[in-house]
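1. Only the shape, not the letters, is given here:
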C-alpha cells in the first residue's frame, strides 16, 4: 500500500469516510482500523470509577483488585477489538445495473486468511448486515443501497465494524472502493404504445404476424436474442445460428428522443426506457436516437444494455 | 424486543447474577434476600413463559414494594449495608425489565458492584476465588451477547482467557496504584452494625466472648521506644459498683479531671488510631498525661471522645507508666469499698487467713496473689457455669476462670478487707506489626485487671491474672487460644493415627501460613505497607511509583500484543510471500502483474518480455502452482521455490 503523508494520516475524514477509493483488495491493518470506546464502554468506565470509590472509601484491597482487574480487562479490550478485524481482506466484486428507484446491490468479498473465527462482524452501507466468518472462510456479501438518479452512482463508504468480544469498544474500518453502479432511468410507470415502425408499408398487424413466419437461418451475431438461437443446430455442433423471421426484415422501430415532445428531459428518457423494455419483449428490432447519439437497430440483452446505458448517461 | 435476546444468554446471565448474590445470604436481611430470590425465580420462569413476566403496572408496584422494604430497614442510602441492599434490590428489579441489549449490560454492571460489595463483608482467599470465577461468568455473558453464534461454553472460555490476560496488568496496578486513606468525611459507617467490644458492664463471661475475635480495635504508632508488654495496659471503662455478680461504672458526676496524677519516669508519645467503636472510650496507655483537647478524662482516668464513635479517629497522646494519684474523697472511698451486703463466712475467713484484717494492704495483696498462684487455680476460657454467688463458687469450688473472674474475685477480697479497690477493663498487650512498626490491638486482647488504692501511692494497678497465667501478661501469649486449640491432640504422639494425621497438621500449618501471607500482603496492603514494600524495592517517591506503574503496564501490554498478534507463518503464507517477491522483481524491471492476471498468463507475458529468463520463470510458476493448487506438495518444493526466487534476478 502506498504510504500516507503525515498530514493525511491525521485527517479526520479518514476515521469515517475512509481513504481514497481502491481497486485492489484492502487489508485491514493498523492504518485502516480505528477503535473507540462505545457508549457501553464509557459506562463501563463509570462503573470502574464507582468501584474505585467504593474500594477507596472502605480501604478494601480486594475491591481495589476487582477494580484493577476490570480496568485491565477494559484496557486489553483495545487489543482484542483490534484483533476482531485485523488481517481481514476486503475486495470489491460485481455490481449489476439497476433502474432508478430500485436497490443497487454491491457485492464485496471478505476473506479471513487466519485460523481465528471472526464473530460478530457488522457491515454498514445503507443497512447494517451482521455476519460471522469461520477460520479461513471467504464470503461474498451483497450490500444494498437505494438509487435515485440515473447515471453512475458510486458505492459510498462501506464500514466494517465489530464490537467483539465485550462490546466495550467498537473497532471499525471505513472502506471505499472504485465501485459504482450504473443506474438506468426509471421506466415510465404506465403502458404507452410503441411509436410507428419505420418499415413504410407494414402496419402493426402485419408486424405481429410477421414474427411468426420462419424465414431462414443467419449466422449468430452479437446482440441477437438468446431466444432466437437455433439450439438444435448448436447441439449438433454445426455452429451458432439465429433464426430469422419474415416479418422483421421490414420492421424497424426507431425510438427517438424527438418523438416524446411535450415532456421534460427526464420524463422523455423515462418513456424511452419503457419503450426499450417493451420493444425487447415484443421481439422487434429497434434503434435509439438521442440528440447527438444514435444506436442502430438490434435486439437482445446486449443491445438493450447499450441502449439503456446511453439513456442513463445522457 | 425480547425475542432478540436469546434464551441461553438470559440463562447464563441469570445464573451468574444468582451466583454473585449468593454469599449475601449471610449479610442482608432475610426479607430483602427473599425479595431478590423471588424476583430472580420469577425471571427464570419468564425465560420459558414470557407471558408471566410483570407488566408495567405490576413492575411499578414491585418497585414501590422494594423501596418500602429498603425503607423499613432504616438504613439510609449510604454505608456498606444500606448500599448492598440498595444494589441488590435494584438488580432484582432490573432483572424483570429486560427489553434491550442495553438492559443486559446494566444488569452485568450492577452485578459487578454487588460482587465488589461481597468483599466489604469477607476477604478470604475462598471468597476472592469465588468472585473471580463469577466475574468470569459475567464477562462470559458479555462475550455471549457480542457473539450470537458462539455457544456459551466458548464464550466462557474466551472470558477466561481475557481475564487471565488482564491479570498481570491488574497485579501491577494493585502493587503500584498509590493507596491513600480516605478522608474521614467519606466514611459512612453503618448505624446498626453490630460491633463487638468491651461493654459498659462486666459479668462473668463478658470478656471471653471477645477472645476469639480477630477484629482490630486500634493501632498505636509510637514516636520513640515502645513500652514493654508488661506495661502495655490500655485503659477502658472502670467498674466500681457491684451487686455481687454484675459490675458497673460509678456515676461520674464530674468530667473535669480530679487531681491530675503526678507523673515521673519516661514518657511515651504515640498516635492512637481508633477503629469505629460502640462507645466513646479512647483506650490510652496507662496513664495518659497529655491528650488533644477534643478528648476528656473522667474521674476514673478514662479518656472519652465527644464526637461520633462510629468514625475512625486518630489522637496524639503522651502517657507515663509511672504515676501517683492523689487522695480519695469520702464519696469515692464509699463507692470503692461497697459490697452487696455482708461478705459470707467463708470469704471472711479466707481474708482473715491471708492477713486482710491485721496486715498492711501490700502484704495482703501479695498473699492473695500467692494464694491464686499456689492453690490450684486454673486459667481457662471455658469455666463451669457460676450461676449465683459466682465469686464464692469461683474461689472455693471451681477455681477456674479467666481475667474477669480473677479481677472480680480479687476486688471483692480487697473490699472485704476494707481496702478501696475496683475493676478496670481495657486491652492488654498488642502485637507489633514489624513492617508498619505499629502495635495492633485486637478484640482478643481485651483484658480485666484491678486497681487498689493505697495510702501515699494512690491507685495502684494489680493484675491478678498475672499470678495465674504470667505468660499472658509477660509475653502476650494468647493462652486462651492455645487452650482452645489444645483439643486437637486427642491422640498420643506415637500412635499410627497420629502419624497419619501428621500430614494433616502440616497441611493446616501450610494453609495458615498461606492465609497469614494473604492477610499480610493482600488484605492489609494499605498505604503504610505499600510505602514500606515499595521502598524496599527502592521506589520512594510517588513519581517513581507512577513511572513504574506505566513502565510495567507498557511492558505487559507489549508482551500481550506480541502473544496475540504474532503467529507462525503457514506454508500458504510463505509461498505467497516468495511468489510476491518474484513479482516484485519483475515489477522493478518494468513488468507489472495486472490485477486479476493469473500466474500462467503472467508467466507467458514475462517470458515474452525476458526470454533469457524463460526457464526460471517457468520453474517458479510451476512450483508456485503446484504448492498453491495441488494437494501433494512437499516442504522440499517450498524450499526450492525459495531458492529459485532468491536466485531470480533480472539485470537491466
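-> Everything's here; your move. Worth saying up front: this structure is predicted, and the values here are computed from it rather than measured.

2. Can you name the helix or strand that the residue nearest to residue B:605 when sequence neighbours are not counted falls in?
-> Nearest non-adjacent residue to residue B:605, counting by CB to CB, 6 or more residues apart in numbering or on different chains: residue B:591, 7.0 Å away. The way it works is simple: take the backbone N, C-alpha and C, and place the C-beta from them, glycine included. Assigned by DSSP states H and E, residue B:591 belongs to neither a helix nor a strand.

3. how far away is residue B:591 from residue A:300?
-> Using CB to CB, to the nearest Å, one gets 39 Å for the distance from residue B:591 to residue A:300.

4. Comparing these two, which residue is more hemmed in?
-> Neighbours were counted for residue B:591 and for residue A:300 using other CB atoms under 10 Å in any protein chain shown; residue A:300 has more, 19 against 16.

5. distance of residue A:285 from residue B:299?
-> If you go by CB to CB, the gap between residue A:285 and residue B:299 works out to 126 Å.

6. Which residue lies nearest the spatial centre of chain A?
-> Relative to the mean C-alpha position of chain A, the nearest C-alpha, by CA atoms, centre = their mean, is the one of residue A:106, at 2.2 Å.

7. mind checking the SS state of it?
-> Here residue A:106 is recorded as strand under DSSP: H, G, I helix; E, B strand; the rest coil.

8. Wait, it touches residue A:145, no?
-> Yes. With contact defined as CB atoms under 8 Å, residue A:106 counts as touching residue A:145 (6.5 Å).

9. tell me, what's touching the two both at once?
-> Common contacts of residue A:106 and residue A:145, defined by CB atoms under 8 Å, 6 or more residues apart in numbering or on different chains, comprise A:125, A:155, A:181.

10. taking those residues one by one, which sit in strands?
-> Of the shared contacts of residue A:106 and residue A:145, the ones assigned to strands by DSSP state E are residue A:181.

11. Helices along chain A, start to end?
-> With helices called from DSSP state H, chain A shows them at A:6-9, A:13-16, A:39-58, A:61-85, A:204-210, A:231-235, A:265-282, A:301-313.

12. Tell me which helix or strand residue B:514 sits in.
-> Residue B:514 is part of helix B:502-517 when elements are defined by DSSP H and E.

13. and the next element down the chain from that helix?
-> helix B:527-536.

14. Which positions in that next one come out as buried?
-> B:528-531, B:534 (16 or more other CB atoms under 10 Å in any protein chain shown).

15. can you pull up the bridge partners for the residue nearest to the centre of chain A?
-> Counting by DSSP bridges, residue A:106 is bridged to residue A:143.

16. Could you tell me what pLDDT the model assigned to it?
-> Model confidence at residue A:106, given as pLDDT, is 90.

17. Just tell me which of the helices of chain A ends up closest to residue B:55.
-> Nearest of these to residue B:55, taken as CB to CB: helix A:39-58 at 27.3 Å.

18. Tell me how many other residues crowd residue 13.
-> Here I'm looking at chain A. The local packing of residue A:13 (other CB under 10 Å) involves 11 other residues.

19. Chain B was what I was after
-> Using other CB under 10 Å, the number of residues around residue B:13 comes to 25.

20. Find the residue closest to it in space, skipping its chain neighbours.
-> Nearest to residue B:13 is residue B:141, by CB to CB, 6+ apart, at 4.8 Å.

21. With residue B:161 as the reference, measure out to the one you found.
-> Residue B:141 sits 15 Å away from residue B:161, going by CB to CB.

22. With residue B:326 instead?
-> 74 Å.

23. which element is residue B:626 on?
-> Residue B:626 is part of helix B:614-629 when elements are defined by DSSP H and E.
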